[in-house]
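curious how this folds, go ahead:
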Amino acid sequence: MRVLLVAYGSRGDVEPMVGLAVSLRELGAEAQVCAPPDFAELLDGFGLPLVPLGRSVREMATKAVTGTSNPPPAESLPERAARMVAATYEQIAAAAEGCDAVVATGLLPAAAAARAVAEKLGIPYVFAAYFPTYLPSPHHPPLAWPGRPVPPDVTDNRVLWELNTENLNALFGEAINTHRASIGLPPVDNVRDHVFTDCPWLAADPTLAPWLRPADLDVVQTGAWIRQDERPLPAGLEAFLDAGTPPVYVGFGSMPMRDAQDVAHAAVEAIRAQGRRVLVSRGWAGLALTDEGDDCFAVGEVNQQALFRRVAAVVHHGGAGTTTTAALAGAPQVVVPQMADQPYWAARVAELGIGAAHDGPTPTFASLSAALVTALAPETRARAAEVAGTIRTDGAMAAAQRLCRG
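Got it, this is the predicted structure:
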């Protein structure tokens with residue numbers, strides 16, 4: 001069996017697909033991964049060839065945050081979507097030759113292209129979400145889209161999801177249907193439901209992110225797609241960890257930040273004020289040490305599964321992968337949400353009692369200090385250890401087995 005895995009997004013979109021690909025390989029199946037060119041090294045480390053999809057996501061995200069992006073002034077989001085659908089369709093179609101199924105996640109136009117490829121080939125298609133609130137449900141509202149504010153007087157979730165349908169049709173409907181017509185496929189009335197299907201998969205842990213029923217969709221919750229990381233920690237990091245008490249980790253993953261150094265300074269000083277050592281992860285924000293104190297250390301890409309078992313707390317942006325990794329390690333968390341699903345994960349961390357949800361995306365010394373008091377409390381660590389024992393690690397294998405069974 002050969003499966004095409006499509007993920008056009010940040011590392012948080014791509015890394016779970018690596019976990020699924022590795023599990024498929026363990027079952028004797030072959031996985032082909034289509035993802036942005038940023039992640040060739042990540043896939044290469046697992047012997048997975050990358051089929052590059054679209055432009056560098058890191059470059060686009062950094063330009064958008066820093067204000068250096070210069071799109072053609074007359075080009076609207078629907079026009080950019082049209083270009084994405086057409087371009088990604090060609091790349092996905094080429095990679096899908098000989099495949100028996102397609103699994104997609106990430107940006108909606110790219111996932112729509114993946115579904116069109118599956119339709120043309122007559123093979124199964126699965127859409128995977130990494131957090132519940134991306135999928136329509138009467139139990140939660142949809143994410144807000146830029147430029148499409150939710151009417152403040154509307155609180156009924158079903159009405160909000162109907163508005164979400166209208167918004168996504170307005171943004172992407174013409175682009176998707178024009179392309180579908182060009183390749184001989186019929187139009188769709190609801191682009192969101194078309195991409196998600198009636199039976200999407202939820203690759204999230206049931207304890208951290210439960211799918212609430214009853215709901216209109218027949219969601220299959222597989223558990224998070226975790227790839228086991230066996231890499232040793234770098235020697236310099238090992239030496240720092242061994243030289244004193246467990247540090248507090250701070251990193252924002254693949255989130256660029258306009259005021260990265262101000263954030264780094266606030267974090268370092270707030271952590272020091274709690275009498276803790278500091279471990280800074282550079283990430284896409286380019287966080288750096290604010291001085292040469294021997295109580296601080298900076299790292300790049302490392303094995304977080306191993307590292308988070310050895311820290312006092314994890315301060316992060318609230319991506320699905322980082323939240324799950326910290327929870328599995330039993331590390332208390334401070335979530336500083338920046339966008340998209342991150343406020344959801346911040347709220348879940350607070351609700352579960354395994355950390356603190358920071359109010360807003362820009363931490364200060366005072367706000368981080370208050371959050372750290374909660375995260376570093378003995379009762380929070382005890383609760384984090386308790387929850388760690390409930391986190392499933394078989395989600396990727398469960399999904400792989402389901403694919404192989406057809």
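
confidence score at the nearest residue to Pro141 once chain neighbours are set aside?
Counting by Cβ to Cβ, 6 or more residues apart in numbering, Leu160 is the residue found nearest to Pro141 once chain neighbours are left out, at 4.6 Å. (Each C-beta comes from the backbone N, C-alpha and C, glycine too.) On pLDDT, Leu160 comes in at 96.

Gly330 versus Leu160, what's the distance?
36 Å (Cβ to Cβ, to the nearest Å).

please apply the same query to Gly223.
Applying Cβ to Cβ, the value for Gly223 to Gly330 is 18 Å.

over to Ala243?
22 Å.

neighbour count: those two, which is higher?
Higher neighbour count among Ala243 and Gly330: Gly330, with 19 against 12, using other Cβ atoms under 10 Å.

for the helix or strand bottoming out on mean pLDDT in the chain, give me every contacting residue.
Lowest mean confidence among the helices and strands of the chain (mean pLDDT, DSSP states H and E): helix 57-66, at a mean of 75. With Cβ atoms under 8 Å, 6 or more residues apart in numbering as the test, helix 57-66 has contacts from 8-10, 36, 38, 68-69, 254-258, 284.

which members of the residues you listed are positioned in strands?
Those of those mapping onto strands are Tyr8, per DSSP state E.

and the two most separated of the contacts of helix 57-66?
Distances among the contacts of helix 57-66 were taken as Cβ to Cβ; the most separated pair is Tyr8 and Arg258, at 23.9 Å.

look at these two and report which has more neighbours.
Taking neighbours as other Cβ under 10 Å, Tyr8 and Arg258 compare with Tyr8 leading, 27 against 12.

returning to that earlier point: nearest to Gly353, of the contacts of helix 57-66?
Using Cβ to Cβ, Met255 comes nearest to Gly353 of the contacts of helix 57-66, at 25.1 Å.

and the closest one, how many neighbours?
24.

distance of it from Leu208?
20 Å.

pLDDT weak spots in this protein?
Low-confidence segments of the chain (pLDDT under 70): 64-75.

now tell me what touches the longest helix anywhere in the chain from outside.
Longest helix in the chain by number of residues, with DSSP state H as the criterion: helix 77-95. The contact list for helix 77-95, computed with Cβ under 8 Å, 6+ apart, reads 4, 6, 8, 32, 34, 51-54, 71, 102, 107, 109-110, 112-114, 116-117, 120, 147, 170-172, 174-176, 178-179, 182-183.

grab the nearest non-local neighbour of Glu230.
Nearest non-adjacent residue to Glu230 (Cβ to Cβ, 6+ apart): Asn303, at 7.8 Å.

so that neighbour sits against Pro232, correct?
Yes. Using Cβ atoms under 8 Å, Asn303 is in contact with Pro232, at 7.4 Å.

just the buried ones from the contacts of helix 77-95, in ChimeraX syntax?
ChimeraX command restricting the contacts of helix 77-95 to the buried ones, with burial defined by 16 or more other Cβ atoms under 10 Å:
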select :4,6,8,32,34,51,53,54,102,107,109,110,112,113,114,116,117,171,172,174,175,176,179
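
counting neighbours, what do you get for Thr393?
Neighbours of Thr393 under the rule other Cβ under 10 Å: 15.

this structure: strands as residue ranges?
Using DSSP E, strands in the chain cover 2-8, 30-35, 50-52, 101-106, 125-129, 201-202, 220-221, 248-250, 278-281, 296-299, 313-316, 333-335, 355-357.

strands paired with the last one, and their directions?
The strands that strand 355-357 pairs with in its sheet are strand 333-335 (parallel) (by DSSP bridges).

isn't Gln304 up against Asp229?
Yes. Contact status for Gln304 versus Asp229: in contact at 7.4 Å, counting by Cβ under 8 Å.

neighbour count winner among those two?
Gln304 (23 against 17).

ok, for that one, nearest residue in space, not its chain neighbours?
Here the residue nearest Gln304, using Cβ to Cβ, 6+ apart, is Thr325, at 5.0 Å.

give me the buried positions along stretch 237-254.
Those buried within stretch 237-254 under the rule 16+ other Cβ under 10 Å are Leu237, Phe240, Leu241, Pro247, Val248, Tyr249, Val250, Gly251, Phe252, Gly253, Ser254.

cool, stretch 144-151 as well?
Val150.

let me see the contact set for Gly283.
Per Cβ under 8 Å, 6+ apart, neighbours of Gly283: Gly251, Phe252, Gly253, Ser254, Met255.
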